[in-house]
Structure formats: C-alpha cells, structure tokens
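Asks: show me the folded form of this:
(one chain, ligands or ions: 2)
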Amino acid sequence: MKMSQLFVQTLRDDPSDAEVVSHKLLVRAGYIRKLTSGVYNYLPLMQRVLKKIENIVREEMDAKDAQELLMPFVQPEELWQESGRWDVYGKELMRLKDRHDRGMCLGPTHEEVITFIAREGIRSYKQLPVNLYQIQSKFRDEIRPRFGLLRGREFIMKDAYSFDIDQKGMEEAYAKMADAYTRIFLRCGLETRAVQSDSGAIGGSVSHEYMVLTNTDSGENDVLYCDKCSYAANSNHAESKMLSAVTDGGFVKAEKVHTPAIKTIEDLAEFLKVAPSAICKTLVYIVDSKPVFALIRGDMAVEEIKLMNTVRANEIRIATEGEIKEILANNGFDSVPGFIGPEGIKDVIIVADLSIKDLKNFVVGINETDYHLVGANFGSEVTPPVEFKDIRLAKAGEGCPECDGTLLITKGIEVGNIFQLGTKYSAAMNATFTDVNGTEKPFIMGCYGIGITRTAAAAIERFHDDWGIIWPIAIAPYHVIVVPVNVKDEQQMAIAQQIYDQLKAQGVEVVIDDRDERAGVKFKDADLIGFPYRITVGKTISEGLVEFKARSGSEVEKISSEDAVAKVVEIVATV
Ligand code: ATP
Ligand code: MG
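Replies: Ligands and ions are numbered 1, 2, ... in the order given. Presented below is the predicted three-dimensional model:
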C-alpha cells in the first residue's frame, strides 16, 4: 500500500473529549472517527487491527471445537420477557418498537438468542456438548461512554456459549475456554491475569475476568492480588483477612452522649477518644428502589457490588438526605444523617458486615440528631443481627484469604470474561434436552466474552510512548513501513520500491511512504500510527545501506537492503 493512497488522516492535537491515551492516539493516528457519543467508525487501519484480533480469536476458539455462527443484532422483546431480563436490565438496554408496535432491543449480549437456538435445535444428550460463538457488534447505552473504544456504546464482542449435560461437562468446557483465553491474549501480545470476579446480574456463581494490568487511569478495575500465591480478584469481589484492630470501645457503661454537629467517623472518634474501629457505622442505600441499612466497622468501607449481591438486587445507590429522613420518619424517628443506627428500625433490610461481629462496648447512632450511644453491645442495647455477611471492600495490605500472604493492588482493564451460568437461562426459557434415561433436563450453560475493540485499545494503553502507538506485531495494521527520505532522488526511490516489492512478494504487510514530504513528517506519522518496523532509504544508499529500526526500540541499524528484507521476513514468519 502506498502511503499517499492509504485512507488515513493524522492529527497534530489530541481530541478535546479524550481522557485516556488509547482514545487520543486512535483518533490522532487516524484509526477511528466518532460518529456520536460512544459510537465510532472503524477506519481502514482500525479494521485491519480488529480483523487480526478476530482471526486469533477464531483460530483459538476453533481449536477448542467451538463453532462460529452469527446471531441478529436486533432481538425481540419476547425472548427477554422469557428470561426475565426485560424488566431488570435497566437503561443500558436500548429498546425500540417496530412498525407493528412490537418491542425490540439492540443486542447488548446474546444469552436469550443462543438459548432459543439451543432449545429449537438440541433434543438429545447425544447432541451435547456443544460450544457456539459469534463475533458481533453489541449495543449498550452505557451511562458514561468515555474512554473511546475501551467503553463504547457500540462495540465488537466475541461471545461464546457452551451447553452441557451436567456440571462436570460445563466445568470442562470452562477450563477449555480458560486455556483458549490465555492463548488468545498472549498471541495478541498481551499478558493477562485471570481474576475472580463478581457475576452480577448475569447470574451464575463461578466467573473469572481476564485483566490487562496497567497502572494508568484507564484501568477501570482495581485488582487485588496476593504477593505469595496465585489469588487475584476484582475488588468488587475480593475477600481478605482483616488486620487486627481495637474492637472494644472501652466504655464501662452504655449511655447516650451529646455529639453535636459531628459529621464524620474521624471527628466522632476524636471527639469520643475512641478508635474508629470501635464504632459501628450505618450507611443507607437504595437497592432496587428499596431501602437497605448496611452496618460496618467505622474504619472499613462497604463494597456496593457485594452488598447488592447479598440482597440479590441489580441496582444500588446511596440514599439521599431526603430519603433517609423519610425512612426514619416512617420508623418514628426524626434525625439528620450522621446519627443513624439500626435499633428500632422496622421493614428495612439490615445487612451487617462480618467486621462488626466482635465489637464490644462500641459506639453507634440512635437516630437522634446530635447524639450517639457509647458502650453498646449486641444482645443488650442493640439487637444482634440475624447473620453477618461479607460486604466489606478489601484493601491492599490486608491478608490474602487463601494463604498467609499480603494483598497488593493494581489497576486492570477487563478484556474478557468467562462465567459458569448453570441453568439460569435454560431453566427460565424452558430449554431442555432428554438425558440418557429419557428425562427432560435444562442445559447446563457457560458463557464467554472477549471485547475485540476493547482488546485493541487495551494494547495501546499497555504499549505506547510520547510519539504514538507501539503495536505488538501480531495485531499491527501493517508489519513495516518503507520510507524513502527523498522521493525525488531516483536511486532512493528505486531501492525503496524494490524493498517494498520484495517484502510484498513474501507476504509481508508493507506500506511505502511515497509522499513528497520532509523525512521528519514521515517519521512522525510512522511513529504515531505505530508500524512495528521501519526501513529508511536515505543518503547511505550510495554505500548500499539502509536504516532498520524497530518501533519499540531506539537503536537504528545500518544494513544492506537485502538484510533488511530478510530480517523483516524472518520476524513476520514468527507471528
Ligand atoms: P464491564 O464490567 O467492563 O462493563 P461487562 O462485565 O459488562 O464489562 P460482559 O458483558 O461480560 O462485560 O462483556 C464481555 C466483554 O465485552 C468484556 O470483558 C469487555 O471486554 C467487553 N465490553 C463490555 N462492555 C464494553 C463496552 N462498553 N465497550 C467495549 N467493550 C466492552
Ligand atoms: Mg458492563
């Protein structure tokens, strides 16, 4: 391909709406063009990258005997009614009506459709196991479509679904996918870590996320991992051993204390001369439109996803001051936030964290403005919670839940995930097969996603410098660029053309920069776009030498044009 013909327009400045480096570079280097919020055109360079990732994914999926199909992008409401998700999916689901006023949606994911396909096509255990996948656009009306391709509204996903006769079969399918995933990301040039994760609204119990670890702000997930063993988990799911702390408030008797205008736990601790870890904190949430009180030790934080799952809900947010006042009024109290407590509260779900189990002579709110109770104990002043749950945000420095190691924290970008779904969809949608004894049973399912567009963006987050993208060669749009420094110099141009022809003939994906531009401009574009290798044909060609440079390094080698061709051919052969 000639650079003069390549459909690419590079920009000097970052787009004003871009926060993360992959978004900036993809726009500036001419890979994507925004159409509307969270929706992008994948321009020719981008399309080449995406196809490469897709082909790696295809090869590894096919190697595990998964079979590719393609499901529609638009789906009927009825299937979502059957699964029960029409009412719970929330605003991310883009709903529409057709001309007959029938409900439809843009597919955010395809569990319903694949379960329909299995229900229609699989009758007997003899047809199982089977794993079906597609590479398809998804649409999710994400609340904050920022970060370019990392979190778009429309994006490309590989989604696979396995159907098995029993749990054991599903676990085998899951292990095969875990293996395929590790290979896929490694082939894309990305090291990933499989971390335990929350399965959220999708259901199921066991799931792992594949994270590209980055310490940039684009890593939307906090990953806690052990410094000794292989434990790693998303912070929304991670467990930990708490460090020891003072859990006895030391008050000799229970009494109501005037704590005027105190707003924070720190202020309260200082005012009462007590450790924050001897305070029982009460937080009020609205979970699926119902109020929930969360009780946790004063020095700890609630992990909202854990709390949400504990009450089997889909949406959670902290209650507003007005809502808190209303809930208290319904229970016969009149207090402002900051003095809330569980005692005397009825018809509200109360979830107590494990961290408060051992509290003694502690401090707690009593729903009375400017007052707290000190020296409280469960069983006397405070009704003991029916049970204690883990709703606590695990922190770096705490103990690993699986060994005596310590947890560390890093940021990660989730590029893929795998879920053991079980019968969540097959049971709801009555998708069954007859087993060996002639009994009808729901399929045991697993589902497995990879963000194709997000993987490309994650690679840039991981590999870039001040000048541009540094693609891993396996997913670069082209392998190499040949740059004649002066296109008006006949010898330079002739040799450059010869190198180009030879590389092309050997299957190398090559661009020749035939533009009548200054060398500096050409190098800038080459670096920005991120060609993994550059062969420069300049003045030294009179001595028979060209310059060979890897994008990832700073070294410039002066070698013969034959050697340069041979080198590139050899490197590309390993891809
Ligand atoms: P996230 O928590 O990041 O929103 P998710 O849990 O919703 O991801 P899935 O629904 O399981 O993810 O989707 C499978 C894969 O699709 C994810 O691992 C991710 O790589 C990709 N993906 C999900 N949402 C987006 C998005 N808005 N833009 C780009 N890729 C996405
Ligand atoms: Mg999501």
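Asks: quick one: the strands in the stretch 301-450 of the chain?
Replies: 316-318, 349-353, 362-365, 371-376, 388-389, 407-422, 432-434, 440-442, 444-451 (DSSP state E, counting those that start in this stretch).
Asks: contacts for the third one?
Replies: The set of residues external to strand 362-365 that reach it, using CB atoms under 8 Å, 6 or more residues apart in numbering, is 247-249, 251, 268, 272, 274, 278-280, 282, 298, 335, 338-343, 356, 372-377, 381-382. Any C-beta I mention is one placed from the backbone N, CA and C, and that applies to glycine too.
Asks: let's have the strands of the stretch 301-450 of the chain in CSV, adding mean neighbour count, mean pLDDT and distance to Ile165.
Replies: Converted to CSV, the strands of the stretch 301-450 of the chain look like this (neighbours: other CB atoms under 10 Å; pLDDT from 0 to 100; distance: least, CB to CB, whole Å):
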stretch, mean neighbour count, mean pLDDT, distance to Ile165
strand 316-318, 14, 94, 36
strand 349-353, 20, 96, 37
strand 362-365, 27, 97, 52
strand 371-376, 22, 96, 54
strand 388-389, 16, 94, 34
strand 407-422, 22, 93, 13
strand 432-434, 18, 98, 7
strand 440-442, 15, 97, 7
strand 444-451, 26, 98, 7
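Asks: quick one, what contacts Trp471?
Replies: Neighbours of Trp471 in contact, by CB under 8 Å, 6+ apart: Val49, Gly189, Ala459, Ile460, Phe463, Pro477, Gly530, Phe531, Pro532, Arg551.
Asks: mind running it again at 6 Å?
Replies: Gly530, Pro532 (CB atoms under 6 Å, 6 or more residues apart in numbering).
Asks: so how far is Lys395 from it?
Replies: 36 Å (CB to CB, to the nearest Å).
Asks: Pro76 now?
Replies: 45 Å.
Asks: so the residue in the chain that ligand 1 sits nearest to bridges to which residues?
Replies: Here the chain gets closest to ligand 1 at one residue, Gly451, 2.4 Å apart by CB to the nearest ligand atom. Taking DSSP bridges as the rule, Gly451 bridges to Met157.
Asks: residues of this protein that sit close to ligand 1?
Replies: 109, 140, 142, 151-152, 155, 157, 414-417, 449, 451, 453-454 (CB under 6 Å from any ligand atom).
Asks: 8 Å instead?
Replies: Within the chain, the residues that sit near ligand 1 (CB under 8 Å from any ligand atom) are 38, 108-109, 138, 140, 142, 145, 149-153, 155-157, 159, 200, 202, 209-210, 220-221, 414-417, 419, 447, 449-451, 453-455, 457.
Asks: quick check: closest non-adjacent residue to Lys395.
Replies: Ser240 (7.0 Å; CB to CB, 6 or more residues apart in numbering).
Asks: pretty sure that neighbour sits against Ala396.
Replies: No - in this structure Ser240 lies outside contact range of Ala396 using CB atoms under 6 Å: 9.1 Å.
Asks: separation between Glu270 and Gly298?
Replies: Taking CB to CB, one finds Glu270 at 12 Å from Gly298.
Asks: same drill for the two, tell me which one is more crowded.
Replies: Neighbours were counted for Glu270 and for Gly298 using other CB atoms under 10 Å; Gly298 has more, 24 against 12.
Asks: got the contact list for Ile349?
Replies: Counting by CB under 6 Å, 6+ apart, Ile349 has contacts Val292, Val311.
Asks: ditto for Val568
Replies: Taking CB under 6 Å, 6+ apart, we find Val568 in contact with Val480, Val508, Tyr533.
Asks: which non-adjacent residue is nearest the one residue sitting closest to the centre of the chain?
Replies: For the chain, the residue nearest the mean C-alpha position is Glu414 (3.0 Å; CA atoms, centre = their mean). Excluding the flanking residues, the one nearest Glu414 by CB to CB, 6+ apart is Glu209, at 4.7 Å.
Asks: how many residues are close by that neighbour?
Replies: Residues near Glu209, counting by other CB under 10 Å: 26.
Asks: how about it, phi and psi?
Replies: The phi and psi values for Glu209, taken as degrees, to the nearest 10, are phi -110, psi 140.
Asks: can you check Ile135 too?
Replies: phi -120, psi 110.
Asks: identify the bridge partners of it.
Replies: Beta-bridge partners, per DSSP bridges, of Ile135: Lys158.
Asks: ok, it - how many residues close by?
Replies: For Ile135, using other CB under 10 Å, the count is 21.
Asks: same question for Leu243.
Replies: 12.
Asks: what of Gln127?
Replies: 13.
Asks: the one 5 residues further on now?
Replies: Using other CB under 10 Å, Leu132 has 20 other residues around it.
Asks: what about it, which SS state?
Replies: The assignment at Leu132 comes out as strand when based on DSSP: H, G, I helix; E, B strand; the rest coil.
Asks: contacting residues for it?
Replies: Gln67, Leu69, Tyr161.
Asks: so who does the last one touch?
Replies: Neighbour list for Tyr161: Ile114, Leu132, Cys447 [criterion: CB under 6 Å, 6+ apart].
Asks: quick check: closest non-adjacent residue to it.
Replies: Using CB to CB, 6+ apart, the closest residue to Tyr161 is Ile114 (4.4 Å).
Asks: report pLDDT for that neighbour.
Replies: pLDDT, Ile114: 98.
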